[in-house]
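Trainee: Fold the following, please.
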Amino acid sequence: MKEDALARHIADNIRQLRQSRNLTQDQLARLSGVPRPTWSNLESGTANPTVSVLAKVAAALQVPVEELISPPKAQAKLFRAKSIAQKQRGGVLIRKLLPDHLQGMELDRMEFAPGAHMAGVPHRLGTREYLACESGQIELVVAGEKYELAAGDVVVFRGDQKHSYANRSATVAVAYSAIILGPGRIA
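Mentor: Okay, the predicted model is just below:
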């Protein structure tokens, strides 16, 4: 990467991050111990900061140093529905809620066709799973215990044990699953 491109990335990233936090250069100077004129030079692209200065700036903005030197991130990005991962398991359409992978977490929208049944896959030991019913009725069986969910109901359970889902009704049911993966090995 050319030096002037790197300086521009640093300038654009620092300015965007500072503005998004509604902070002034003076406030960040006090937080970081980096003089206010240095902040001005960083944001204008005229500074040639040391690694130590970048580390202080990153700490004050609460981001990794890499975020300061990489190409600026878009303020917003639209992901069309067809670009978001989905899969069919039996009569259940499972669609990721977010386009990005979140370390240690899975967020899915589950659409159950009438009469659909799906066995859950036990996750790593210590996993917590949250199932929120948006519409219709969903039957959840966890370790042999049955839970009947209607719109608005939420069940929290250990996701490292045997579980299954079913829609016993004649209408479509929709639920959201949030899985917080545990630190342990696969059960």
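
Trainee: send the alpha carbons of the strand or helix carrying residue 38 over as CSV?
Mentor: Applying DSSP states H and E as the criterion places residue 38 in helix 36-44. Presented in CSV, the C-alpha positions along helix 36-44 are these (Å, rounded to 0.1, in the frame of the first residue of the first chain):
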residue,chain,number,x,y,z
ARG,A,36,-4.9,18.0,19.8
PRO,A,37,-2.7,19.3,17.0
THR,A,38,-1.6,15.7,16.3
TRP,A,39,-5.3,14.7,16.0
SER,A,40,-5.8,17.5,13.5
ASN,A,41,-2.8,16.3,11.5
LEU,A,42,-4.0,12.7,11.6
GLU,A,43,-7.4,13.7,10.3
SER,A,44,-5.9,15.8,7.5
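
Trainee: Let me know the angle separating the helix or strand following that helix from helix 36-44.
Mentor: Note on helix 36-44: by DSSP H and E, the next helix or strand toward the C-terminus is helix 51-61. For helix 51-61 against helix 36-44, the angle by axes from the mean of the first three to the mean of the last three CA atoms, to 10 degrees is 90 degrees.

Trainee: Return the set of buried residues in helix 51-61.
Mentor: By 16 or more other CB atoms under 10 Å, the buried positions in helix 51-61 come out as 53-54, 56-58, 60-61. From N, CA and C alone the C-beta is placed, and that goes for glycine too.

Trainee: Among the residues you listed, pick out the one closest to residue 116, please.
Mentor: residue 61 (46.6 Å; CB to CB).
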